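*Asks:* I'll drop the sequence and a predicted model, then ask my questions.
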Amino acid sequence: MNDGVNGVALAVFIFFFVAVTVMGFLAARWRMAETESLDEWGLGGRSFGTWVTWFLLGGDLYTAYTFVAVPAAIYAAGAAGFFAVPYTILVYPLIFTFLPRLWSVSHKHGYVTTSDFVRGRFGSKGLSLAVAVTGILATMPYIALQLVGIQAVLDVMGVGGGEDTNWFVKDLPLLIAFGVLAAYTYSSGLRAPALIAFVKDTLIYIVIAVAIIYIPIKLGGFDEIFAKAGEAYSQTNPATGAPRGALAPGEAGQWTYATLALGSALALFMYPHSITATLSSRSREVIRRNTTILPLYSLMLGLLALLGFMAIAAGVKVSNGQLAIPQLFEDMFPAWFAGVAFAAIGIGALVPAAIMSIAAANLFTRNIYKDFIRPDATPAQETKVSKLVSLLVKVGALVFVLTMDKTVAINFQLLGGIWILQTFPALVGGLFTRWFHRWALLAGWAVGMLYGTVAAYGVASPTQKHFGGSSKEIPGIGEIGYIGLTAFVLNVVVTVVLTFALRALKAPDGIDETSPEDYTADSGDKGVRVELPSATAGAGH
C-alpha cells in the first residue's frame, strides 16, 4: 500500500465527484412539479421510465458494498463468496410475480412505502409499525457500509493520513463526502440518485470490462490466477486452524451456501430502498420490463466476483479484506484509470446511500409520524419531516462508521438482512391473499425477529464474540444454514398456525381498503392520491 497520496488518481476521483455533485443539485429542476409532497421528493413524481428505473434499481441494488465486499469475500474465503451470483439470479423471477402487483395497488391508493400497503391491506397500524421499524433498522447499517466503501477508497489513495493522524484530519474527506451527499439529497430527493445512477453504472461497467481483460493479461491468464488462488486457499488460517478457503465450496458448506442464496433472494426486495426505486416508475409495464433486463447486472456481478481471485494472484496483502479490491486497482492500473475505478466505487456508494436514506425517512414520516404523532399532517409537512429525517439517518450512519469497527458494520448489515426477511409474509403474502390474520402476521414477525436476533447474537468469529456471522446449525436438521431463512420458516409456521386458530375463534379482521382490481391497475387509472383523505377506507373487501 502506498505511503503517500496518489495525486493522479485523487484528481480523477475529485473530477467525477464534483461532476456528480453538480448533477445532484441540478436534478432538483429535472421534471420537478411545484407541489411539495412525498410523491415528488421521495418517489420522483412516480414518473421514471424503463431505462431510468433500470439504472436507478441497478444503482440501488449493486452498491459500493457489493463492489468491495463480494470480491473481498472471494479473496478471504474462496468460492463460497459467489453466493451473491445465484441469489441475484433467483430474485428476478420472484419479483416478476409480485412487484407489478405492488406497483399497481400502491399507484391506485397513493402508497409511498410497504408499510402503507400493509396498513391498508390488513387495517393494522401495529403491523404497519412493525414493518416500518424493521425497515429502518435494517437500512441504517446498510447506509453505513456505503460510507465504509468510500472510506476504503480514500484509504488506498492515501487521503487522510495514517492511523496516527488526528481523527478530524483523517476523517475530513469522508465528512466532506457525507456533507455533499446530505445536501443534494435534501434538495433534490430521489431525482438526484436517479440522475447520478447513469454515471455510476456506466463507470462500473467500464471498469469491470477493462479489469476482466487487462488484469488477467498482466497476471499471466486465468490458469495462473486460479492456480495461485488454489495454492493460497490451501494454506492454514492461523485464526481457525483450517484451510483459508477453497476454489469450490466443500460438502460441509453446501447447506450454508444454498440457504444464504435463497434467503438473500427472498430478502432483497423487502428492503425499503428497493421498493422506493420500484414505486418511482411510471407504469406497471416498466416494472415488468425491468425484471427481465435487470439480470444483466448478475453477469456484471459474476465478473466482479472474479476480482477476488485476481487480488490473491496479484499478491495483494491487506489487513482489512475490504481494501483488497481498491488495492488491486491501485497496484494494477495506471494511476489515471485507478482514479476512474475509485470514482466508480465512490459514486457507487453515493447513489444507494441517498436512496436508502430517502426510503428510511419515508417510512418514519408516513408510518410513525403521520400514523401516530400527527395524523393531520399536510403533504408539505410530510415532505419537510422526511427531508429532515433523511439527514438524521445519514448522520446516524456516519457516527456508526466513525465510532465502530468496520467488521461490526458488516455484521450488523448481515443482521439487518435477517430482520428484513421477516417482513416477507406480510408484504408478499398480502399481495396475493388476505387469508393471513393481522395478529398472526404480527406474532410470526415477532417470533422470527426474536429467533433471528438471539441466534445471530450467539455466533462468534475470530474477531467478535457476538454477531460474528449469519449462519448457525438449523434446529432439527443439524446442518449449518442461514439464520434468516430458519427464522423465516418459523415466522411462516407461527403465522399459519395462529391464522387457523384466530379464524376458528372468529377474531376480528381489520378493514381492507383495497379491492381485487387494484392489483392489476395501470397508470391510466390514477385512483386516490396520498394528499387526499382516504376514500376507500371501510370498503370492507
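*Replies:* Perfect, I can see it now. Numbers count the residues shown, from 1 in each chain.

*Asks:* what sits against the closest residue to residue 370 other than its chain neighbours?
*Replies:* Counting by C-beta to C-beta, 6 or more residues apart in numbering, the nearest residue to residue 370 once its immediate chain neighbours are dropped is residue 377, at 5.1 Å. In short, each C-beta sits where N, CA and C put it, glycine included. For residue 377, the residues meeting the contact criterion (C-beta atoms under 8 Å, 6 or more residues apart in numbering) are 369-370, 385.

*Asks:* Could you check the pLDDT of residue 247?
*Replies:* The per-residue pLDDT reported for residue 247 equals 75.

*Asks:* From residue 229, how far out is it?
*Replies:* In this structure, residue 247 and residue 229 are separated by 6 Å, where distance is defined by C-beta to C-beta, to the nearest Å.

*Asks:* joint contacts of the two?
*Replies:* Residues touching both residue 247 and residue 229 (C-beta under 8 Å, 6+ apart): residue 78.

*Asks:* related to what we said a few turns ago, which SS state does the residue nearest to residue 370 fall under?
*Replies:* Remark: residue 377 carries the secondary structure label coil [criterion: DSSP: H, G, I helix; E, B strand; the rest coil].

*Asks:* what separates residue 55 from residue 5, distance-wise?
*Replies:* When C-beta to C-beta is applied, the distance between residue 55 and residue 5 equals 32 Å.

*Asks:* Neighbour count: those two, which is higher?
*Replies:* Taking neighbours as other C-beta atoms under 10 Å, residue 55 and residue 5 compare with residue 55 leading, 23 against 13.

*Asks:* and the more buried one, that's in a helix?
*Replies:* Yes: going by three-state DSSP, the assignment for residue 55 places it inside a helix.

*Asks:* Tell me how far it lies from residue 195.
*Replies:* Distance of residue 55 to residue 195, computed by C-beta to C-beta: 9 Å.

*Asks:* so how far is stretch 475-492 off the chain centroid?
*Replies:* On the basis of C-alpha atoms, centre = their mean, to the nearest Å, stretch 475-492 sits 22 Å off its chain's mean C-alpha point.

*Asks:* Now do the contacts for residue 5.
*Replies:* With contact taken as C-beta under 8 Å, 6+ apart, residue 5 is in contact with 157-159.

*Asks:* Quickly find the element holding it.
*Replies:* Secondary structure from DSSP states H and E places residue 5 outside every helix and strand.

*Asks:* okay, which residue is most central for this structure?
*Replies:* Nearest to the centroid of the C-alpha atoms of the chain, with distances taken as C-alpha atoms, centre = their mean, sits residue 61, at 5.5 Å.

*Asks:* Just confirm that one contacts residue 295, I think it does.
*Replies:* No: here residue 61 lies out of contact with residue 295, judged by C-beta atoms under 8 Å, at a distance of 11.7 Å.

*Asks:* what sits in contact with each of these two?
*Replies:* With contacts taken as C-beta under 8 Å, 6+ apart, residue 61 and residue 295 have residue 88 as neighbours in common.

*Asks:* Residue 247 and residue 229: who's more crowded?
*Replies:* Set side by side, residue 247 and residue 229 show unequal neighbour counts under other C-beta under 10 Å, the larger going to residue 229 at 24 against 14.

*Asks:* ok, the more buried one to residue 313 distance?
*Replies:* Where residue 313 is concerned, residue 229 sits at a distance of 6 Å (C-beta to C-beta).

*Asks:* can you check residue 457 too?
*Replies:* With the distance defined as C-beta to C-beta, residue 457 ends up 37 Å from residue 313.

*Asks:* quick one, which of those two is more surrounded?
*Replies:* Regarding residue 457 and residue 313, a neighbour count based on other C-beta under 10 Å identifies residue 313 as having more, with 24 against 13.

*Asks:* got a pLDDT number for that one?
*Replies:* pLDDT recorded at residue 313 is 94.

*Asks:* so it makes contact with residue 228?
*Replies:* Yes: in this structure residue 313 lies within contact range of residue 228 using C-beta under 8 Å: 4.1 Å.

*Asks:* Dihedrals phi and psi, the residue nearest to residue 370?
*Replies:* Comment: the main-chain dihedrals of residue 377 come out as phi -60, psi 140, following degrees, to the nearest 10.

*Asks:* who wins for neighbours among the contacts of residue 377?
*Replies:* In terms of neighbour count, residue 385 stands highest of the contacts of residue 377 at 22 neighbours, by other C-beta under 10 Å.

*Asks:* Could I get the buried residue list for the strand or helix carrying that residue?
*Replies:* With elements taken from DSSP H and E, the one containing residue 385 is helix 379-403. Along helix 379-403, these residues count as buried under the neighbour rule (16 or more other C-beta atoms under 10 Å): 379, 382-383, 385-387, 389-390, 393-394, 396-398, 400-402.

*Asks:* go on, stretch 358-375?
*Replies:* Applying 16+ other C-beta under 10 Å to stretch 358-375 flags 358-371 as buried.

*Asks:* just for the protein, where's the confidence low?
*Replies:* Applying pLDDT under 70 to the chain flags the ranges 1-3, 31-35, 160-170, 239-241, 406-407, 524-541.

*Asks:* Which residue ranges of it form strands?
*Replies:* For the chain, applying DSSP state E gives strands covering 471-473, 480-482.

*Asks:* List the strands paired with the first one, with their directions.
*Replies:* What it means is strand 471-473. strand 480-482 (antiparallel) (DSSP bridges).

*Asks:* got a list of contacts for the strand it pairs with?
*Replies:* Strand 480-482 is touched from outside by 252-253, 255-256, 258-260, 262-264, 470-474, with contacts defined as C-beta under 8 Å, 6+ apart.

*Asks:* Pull out the buried members of the residues you listed.
*Replies:* 253, 255-256, 258-260, 262-264, 470-472, 474.

*Asks:* Save those as JSON lines, and put in distance to residue 86 too.
*Replies:* Written out in JSON lines, the entries for the buried ones among the contacts of strand 480-482 read as follows (distance: C-beta to C-beta, whole Å):
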{"residue": "253", "distance to residue 86": "14"}
{"residue": "255", "distance to residue 86": "14"}
{"residue": "256", "distance to residue 86": "13"}
{"residue": "258", "distance to residue 86": "9"}
{"residue": "259", "distance to residue 86": "12"}
{"residue": "260", "distance to residue 86": "10"}
{"residue": "262", "distance to residue 86": "9"}
{"residue": "263", "distance to residue 86": "12"}
{"residue": "264", "distance to residue 86": "9"}
{"residue": "470", "distance to residue 86": "17"}
{"residue": "471", "distance to residue 86": "16"}
{"residue": "472", "distance to residue 86": "21"}
{"residue": "474", "distance to residue 86": "19"}
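
*Asks:* which of those residues lies closest to residue 183?
*Replies:* When the buried ones among the contacts of strand 480-482 are compared for distance to residue 183, the smallest value, 32.9 Å, is given by residue 264; criterion: C-beta to C-beta.

*Asks:* so what's that closest one closest to, chain neighbours aside?
*Replies:* Leaving out its chain neighbours, the residue that sits closest to residue 264 by C-beta to C-beta, 6+ apart is residue 87, at 4.2 Å.

*Asks:* Could you check how far the one you found is from residue 236?
*Replies:* Distance, residue 87 to residue 236, by C-beta to C-beta: 30 Å.

*Asks:* what's the answer for residue 513, then?
*Replies:* Applying C-beta to C-beta, the value for residue 513 to residue 236 is 61 Å.

*Asks:* which of the two has more neighbours?
*Replies:* Of the pair residue 513 and residue 236, residue 513 is the one with more neighbours under other C-beta under 10 Å, namely 22 against 10.

*Asks:* So the more buried one versus residue 117, what's the distance?
*Replies:* Between residue 513 and residue 117 the distance is 10 Å, computed by C-beta to C-beta.

*Asks:* intersection of neighbour lists for the two?
*Replies:* Any residue near both residue 513 and residue 117 by C-beta under 8 Å, 6+ apart counts here, and that gives residue 109.

*Asks:* buried ones in stretch 481-490?
*Replies:* Judged by neighbour count (16+ other C-beta under 10 Å), stretch 481-490 contains these buried residues: 481-488, 490.

*Asks:* And these, which is closest to residue 413?
*Replies:* Of all the buried residues of stretch 481-490, the one sitting nearest residue 413 is residue 484; the distance, using C-beta to C-beta, is 12.1 Å.
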